[in-house]
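A.B. asks: Please find the sequence and the predicted model below.
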Amino acid sequence: MGPNFFERLKLALFASSTLDIPVSSEVPRHIAVIMDGNGRWAKKRFMPRIMGHKRGVETVRDLIKQCIHYEVKYLTLFAFSSENWRRPADEVKFLMNLFMEALKREVDSLHQNQIRLVMIGDRSRFDPLLVKAIHEAEKLTQHNTRLTLTIAANYGGRWDIMQALQRLMATKPDLSSGFSEEELNAYLSMHYAPEPDLFIRTGGEKRISNFLLWQLAYTELYFTDTLWPDFDDAAFRLALQSYRQRERRYGRTSEQLSAGPHA
Ligand code: IPE
Ligand code: IPE
Ligand code: MG
């Protein structure tokens, strides 16, 4: 017996963009964001960079509200890259403290709003207290289904692919006989989410900076000069508008798309 209706729906919703053709919707189901430009925002105001990070947390809070309003199901935020350790020690320390404080302050309200919190990235360099707080927040919110909020901290796209391969190898030592995309995907950090439909980077740079390298294969990319603390509801609506205008062909021709889904 083949998969039933609900199983087929789940397969279509979580389809890999390279093995299948995922279902496209008017509103992106998954949005991934590089929140960039905090330092420049502060500098413009003759304030220390860290003030920009502080303000950036408020933008995060507003964006979560917007995602709930538009019924976006997955929001993934790049908070700290594996390369951000190269920053001055003071700034790194401030960011770690800010992360801890925000986590403690917001976890109850996230839970009340039925938001599931997941953290992806290498936790081995974090303070044990932070690791504990992350673990508890994930556990508390694990069954929430309104929005899955993923925070990428000490995350790198290359680290992710490497750790997935290493874990796959541990369960399947003879990789020389081959392995499938699905087998590898199961060990990637974001295995629980569909691939992002929309990628947003604020702050003007046009690069991926080692974010979700594997998962962004067919994501629609949106770059804006708006600095992260200034990324308000109107700026978010512009990004959604741009997304709606995209034609998601996944390798097919425009004519095939207008002929309908089964052409
Ligand atoms: C992004 O803002 C936040 C983090 C990387 C943690 P930046 O700190 O990179 O701000 P700019 O790019 O220097 O303006
Ligand atoms: C990317 O921003 C990482 C985060 C937003 C967490 P960066 O400001 O670190 O990126 P690069 O170094 O300019 O590419
Ligand atoms: Mg930056």
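C.D. replies: Noted; the coordinates are in hand. Note that the structure is predicted; figures quoted are calculated from it, not measured. Residues are numbered from 1 along each chain as shown. Ligands and ions are numbered 1, 2, ... in the order given.

A.B. asks: Quickly find the element holding the closest residue to ligand 1 within the chain.
C.D. replies: Nearest residue of the chain to ligand 1: Gly39, at 2.8 Å (C-beta to the nearest ligand atom). Any C-beta I mention is one placed from the backbone N, CA and C, and that applies to glycine too. Element membership of Gly39, judged by DSSP states H and E, is helix 38-44.

A.B. asks: circling back: is it correct that the residue of the chain closest to ligand 1 is in contact with Arg49?
C.D. replies: Yes: using C-beta atoms under 8 Å, Gly39 is in contact with Arg49, at 4.1 Å.

A.B. asks: In contact with Gly121: list those residues for me.
C.D. replies: Going by C-beta atoms under 8 Å, 6 or more residues apart in numbering, Gly121 touches Phe80, Ser82, Ala152, Ala153, Asn154, Tyr155, Gly156, Trp159, Ser189.

A.B. asks: make it 7 Å
C.D. replies: Ala152, Ala153, Asn154, Tyr155 (C-beta atoms under 7 Å, 6 or more residues apart in numbering).

A.B. asks: Which two among these are spaced furthest apart?
C.D. replies: Within the contacts of Gly121, Ala152 and Asn154 form the most distant pair, 8.3 Å apart (C-beta to C-beta).

A.B. asks: between the two, who's got more neighbours?
C.D. replies: Between Ala152 and Asn154, Ala152 has the larger neighbour count (other C-beta atoms under 10 Å), namely 26 against 21.

A.B. asks: Just say helix, strand or coil for that one.
C.D. replies: Under DSSP: H, G, I helix; E, B strand; the rest coil, Ala152 falls in the strand class.

A.B. asks: Give me the pLDDT value at it.
C.D. replies: Per-residue pLDDT puts Ala152 at 97.

A.B. asks: what bridges to it?
C.D. replies: For Ala152, the beta-bridge partners are Phe78, Ile120 (DSSP bridges).

A.B. asks: Quick check, it in contact with Phe78.
C.D. replies: Yes: counting by C-beta atoms under 7 Å, Ala152 does reach Phe78; the two are 4.8 Å apart.

A.B. asks: Tell me the helices and strands packed up against the helix or strand just after the helix holding Gly39.
C.D. replies: Downstream of helix 38-44, the first helix or strand assigned by DSSP H and E is helix 49-70. Secondary-structure packing of helix 49-70 (3 or more C-beta pairs under 7 Å, 6 or more residues apart in numbering; DSSP states H and E): helix 38-44, strand 74-81, helix 89-112, strand 147-155, helix 233-244.
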